[in-house]
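**Student:** coords please:
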Amino acid sequence: MRLTRDLLFPVYLPTILLAFGQGVMVPVLPLFLREHGASYTVTGIAIAAGWVGTLSADLPVGTILPRLGHRRAFLLGCLVYGLATAGVALSGDAIGLLVICRFASGAGVALWGLSRHAYLATVVPVLERGRAIAVFGGINRIGWFLGPAIGGWIGNVFGLAWAIAATAVLALLAFLVAGLAFEPSGGSQTGVRHAPLTALGEVLRTRWQVLISAGSAQLLGQMLRQTRQVVIPLYGADALGLSAATIGQIVSLSAMVDMALFWPAGWIMDRWGRKAAAIPSFLLLGLGMALVPFAGSQTGLLLVALLLGFANGLGSGTMMTLGADLAPPGRTGEFLGLWRLVGDGGQAAAPLAVGVVADLLGIALTAGLCSGLGLFAALILLFFVPETRAMQTRERAVPAPPQASSHD
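**Tutor:** Down below sits the predicted model:
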């Protein structure tokens with residue numbers, strides 16, 4: 001499969017636009033909330049609301065995806081995310097409205113995120129899966145690299161609300177690009193269709209063990225990944241007194257290192273296995289979080305952020321690839337709905353946990369406590385999760401489910 005050409009417009013280009021917008025939000029949203037008088041706890045709740053929206057939509061999206069189709073789900077997700085983010089920009093001091101809009105934007109993320117994940121799992125040959133999904137993760141990281149610095153600059157010059165509005169515009173651009181894209185064949189799941197609850201029950205019955213073991217590792221790992229996105233801006237602003245622009249630059253430099261590793265991460269996964277990339281990634285993420293309280297200057301925080309970027313980049317696409325490997329043939333949407341529900345649960349819990357603990361113990365000690373998540377995630381992967389790269393040969397022997405046309 002000619003990955004770059006075949007996936008450029010339906011997957012990669014819309015994804016970089018959405019990721020750029022999400023990167024803009026990383027330093028801007030916590031500062032926007034604090035600017036409008038929100039406490040750490042309220043800030044955590046508002047940030048977590050996006051992940052709660054995603055969490056709430058994962059299972060419904062997974063069950064309707066075979067009927068809705070990957071392309072239509074992606075377009076609907078872009079539209080919902082863009083309009084809801086515009087509502088965040090206009091919310092001002094109405095924190096309740098902001099939380100509602102964040103929840104809706106999270107549902108949009110579930111639509112476009114799950115549709116692209118399932119699409120890649122369906123159309124990409126299994127022997128290229130690690131690299132294709134790592135490239136998808138890397139495309140996200142390009143946006144996360146550029147977004148924070150631009151977001152911080154827009155926030156400083158025009159105001160934080162305008163930076164959030166820019167994210168909404170980028171989502172609508174992604175909608176237009178994807179709407180004009182012609183997807184390769186295999187863009188949706190077909191075959192024997194059962195009632196949504198029946199299909200979901202079948203997946204739970206046949207995959208419950210891996211959902212518990214691998215899902216636990218993903219839950220902790222995604223919590224840790226999301227924690228760093230909250231801790232670095234808040235620690236920089238409140239502990240070190242850094243400006244939004246400076247924090248945005250630090251986050252962007254971290255994302256640059258993160259971005260540079262997506263191809264090596266995919267190569268490691270396809271060459272030595274998924275765990276060979278995921279376990280070192282989680283261990284180094286834990287180490288980086290443990291070092292945050294010792295960052296007493298802008299330079300110190302930058303060095304820690306660079307380590308965190310390296311660690312996260314090493315794990316680029318690992319959880320998505322693991323989920324695609326474990327998905328049963330013909331039930332990709334339903335399984336990935338459950339899989340993403342677990343991971344998104346970790347991401348939803350992280351901001352709220354950080355906010356509550358930071359109000360009680362301070363942001364520095366909170367960062368140190370979060371470091372243990374990486375160790376536990378790595379140990380679960382090491383001892384309780386099989387290496388799914390070994391499944392590739394067996395998977396190639398299983399006939400693929402019938403594929404739909406590109407006009408799903």
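**Student:** which helix is the longest one in this structure?
**Tutor:** If you go by DSSP state H, the chain has its longest helix at helix 196-234.
**Student:** low-confidence stretches in the chain?
**Tutor:** Within the chain, the ranges that satisfy pLDDT under 70 run 1-5, 126-127, 182-200, 390-408.
**Student:** still on that earlier bit, pull the distance from the longest helix of the chain to the chain's centre.
**Tutor:** 12 Å (Cα atoms, centre = their mean, to the nearest Å).
**Student:** in that helix, what's buried?
**Tutor:** 196, 199-200, 202-203, 207, 210-211, 213-234 (16 or more other Cβ atoms under 10 Å). Backbone N, C-alpha and C define where each C-beta goes, glycine included.
**Student:** immediately after that helix, which helix or strand?
**Tutor:** Where DSSP states H and E defines the elements, the next helix or strand beyond helix 196-234 is helix 244-260.
**Student:** tell me what that next one is packed against?
**Tutor:** Counting contacts by 3 or more Cβ pairs under 8 Å, 6 or more residues apart in numbering; DSSP states H and E, helix 244-260 is packed against helix 13-35, helix 129-157, helix 196-234, helix 298-314.
**Student:** redo these as a markdown table? Include distance to residue 103.
**Tutor:** Putting the helices and strands packed on helix 244-260 into a markdown table (distance: least, Cβ to Cβ, whole Å) gives the following:
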| stretch | distance to residue 103 |
| --- | --- |
| helix 13-35 | 14 |
| helix 129-157 | 21 |
| helix 196-234 | 16 |
| helix 298-314 | 26 |
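**Student:** how about the ones you listed, which one is nearest residue 100?
**Tutor:** Proximity to residue 100 (Cβ to Cβ) singles out helix 13-35 among these, at 14.3 Å.
**Student:** list the helices and strands that closest one packs on?
**Tutor:** Against helix 13-35 (3+ Cβ pairs under 8 Å, 6+ apart) you get helix 40-68, helix 70-90, helix 95-123, helix 129-157, helix 160-180, helix 196-234, helix 244-260.
**Student:** just the buried residues of the fifth one, please?
**Tutor:** With burial defined by 16+ other Cβ under 10 Å, the residues of helix 160-180 counted as buried are 160-161, 163-168, 170-175, 177-178.
**Student:** stretch 362-370 too?
**Tutor:** 363-364, 366-370.
**Student:** and those as CSV, adding distance to residue 49 and secondary structure?
**Tutor:** Converted to CSV, the buried residues of stretch 362-370 look like this (distance: Cβ to Cβ, whole Å; DSSP: H, G, I helix; E, B strand; the rest coil):
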residue, distance to residue 49, secondary structure
363, 20, helix
364, 25, helix
366, 20, helix
367, 22, helix
368, 26, helix
369, 23, helix
370, 20, helix
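**Student:** tabulate those in TSV, adding columns for distance to residue 251.
**Tutor:** As requested, these are exported to TSV (distance: Cβ to Cβ, whole Å):
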residue	distance to residue 251
363	16
364	18
366	18
367	15
368	20
369	21
370	17
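**Student:** in the stretch 301-408 of the chain, which spans are strands?
**Tutor:** With strands called from DSSP state E, counting those that start in this stretch, the stretch 301-408 of the chain shows none.
**Student:** which of the buried residues of helix 160-180 sits closest to residue 153?
**Tutor:** residue 163 (8.4 Å).
**Student:** right, and that closest one touches residue 24 too?
**Tutor:** Yes: using Cβ atoms under 8 Å, residue 163 makes contact with residue 24 at a distance of 5.6 Å.
**Student:** identify the contacts common to these two.
**Tutor:** Counting by Cβ atoms under 8 Å, 6 or more residues apart in numbering, the common neighbours of residue 163 and residue 24 are 151, 154.
**Student:** what angle do the longest helix of the chain and helix 244-260 make?
**Tutor:** Taking axes from the mean of the first three to the mean of the last three Cα atoms, to 10 degrees, one finds helix 196-234 and helix 244-260 inclined to each other by 130 degrees.
**Student:** and the angle from helix 196-234 to helix 298-314?
**Tutor:** The directions of helix 196-234 and helix 298-314 differ by 160 degrees, with the same axes, to 10 degrees as the criterion.
**Student:** pull out the buried positions in stretch 145-155.
**Tutor:** In stretch 145-155, counting by 16+ other Cβ under 10 Å, buried: 145-155.
**Student:** which residues are contacting that stretch?
**Tutor:** 19-28, 31-32, 162-163, 166-167, 243-249, 251-252, 255-256, 258-259.
**Student:** okay, the helices and strands packed on helix 13-35 in JSON lines with distance to residue 12 next?
**Tutor:** Below are the helices and strands packed on helix 13-35 laid out as JSON lines (distance: least, Cβ to Cβ, whole Å):
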{"stretch": "helix 40-68", "distance to residue 12": "20"}
{"stretch": "helix 70-90", "distance to residue 12": "12"}
{"stretch": "helix 95-123", "distance to residue 12": "10"}
{"stretch": "helix 129-157", "distance to residue 12": "5"}
{"stretch": "helix 160-180", "distance to residue 12": "10"}
{"stretch": "helix 196-234", "distance to residue 12": "21"}
{"stretch": "helix 244-260", "distance to residue 12": "14"}
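**Student:** quick one, what contacts the nearest residue to residue 243 once chain neighbours are set aside?
**Tutor:** Leaving aside its chain neighbours, residue 243 sits nearest to residue 156 (6.9 Å; criterion: Cβ to Cβ, 6 or more residues apart in numbering). Residue 156 sits next to 243-245 when contact means Cβ under 8 Å, 6+ apart.
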